[in-house]
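A.B. asks: Okay, predicted coordinates and the sequence, questions at the end:
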Amino acid sequence: MKMIALRGRVFPTDLNHAGTVFGGWLMGKMDKAASIAIENIVISPAVTVAVSDMSFIRPVYSGAVFTIYTQVKHIGNTSIKIDVDVQVKCRETHDEYSVTQAVFTFVLVDENRDARPVREVLRDDIDPYIQDLLK
């Protein structure tokens, strides 16, 4: 189930030398959004260990309003993969279109920063679709 994790606006200080959003800035926002999705599943710290399938589909310009959607893709023993999709709303039509996508992988860690099993720290109120991924 796709969920809104983060929304914001692009400002001139977020741009690169070509006048479009700096990719690293956008990637940081995506990482934060994915971490919010993780917190909705477990009560444990988690660290980003991989980013895969990153695609910059269309440029993003100053003034754009962006929405970052997340969806849990896979739950492993100690890791969770989150699909992240950044969409921008067209000013004229208010249609949304994808500008960047990636898969973020997180590993849950204990107080010693050692990996810990997901099932030991699940929240009591997780969505039914998350429960289906655990089967």
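C.D. replies: Sure thing, it's come through.
A.B. asks: dump the residue contacts of the most centrally placed residue in the chain.
C.D. replies: Nearest to the mean C-alpha position of the chain, by Cα atoms, centre = their mean, lies residue 34 at 2.9 Å. By Cβ atoms under 8 Å, 6 or more residues apart in numbering, the contact set of residue 34 is 5, 48, 70, 82, 84, 104, 106. Glycine gets a C-beta too; all of them are placed from N, C-alpha and C.
A.B. asks: okay, the nearest residue to the third one once chain neighbours are set aside: pLDDT?
C.D. replies: Pointing back at residue 70 there. Among residues not flanking residue 70 along the chain, residue 37 sits closest, at 4.0 Å (Cβ to Cβ, 6 or more residues apart in numbering). The model reports residue 37 with a pLDDT of 96.
A.B. asks: Check which residues of the helix or strand hosting residue 37 are buried.
C.D. replies: Here residue 37, judged by DSSP states H and E, is contained in helix 23-39. With burial defined by 16 or more other Cβ atoms under 10 Å, the residues of helix 23-39 counted as buried are 26-27, 29-31, 33-35, 37-38.
A.B. asks: Now render these as CSV, adding distance to residue 122.
C.D. replies: Below are the buried residues of helix 23-39 laid out as CSV (distance: Cβ to Cβ, whole Å):
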residue, distance to residue 122
26, 30
27, 28
29, 26
30, 24
31, 22
33, 21
34, 18
35, 17
37, 14
38, 12
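A.B. asks: any residues touching stretch 9-22, and which ones?
C.D. replies: Residues from elsewhere that reach stretch 9-22 (Cβ under 8 Å, 6+ apart): 23, 25, 59-66.
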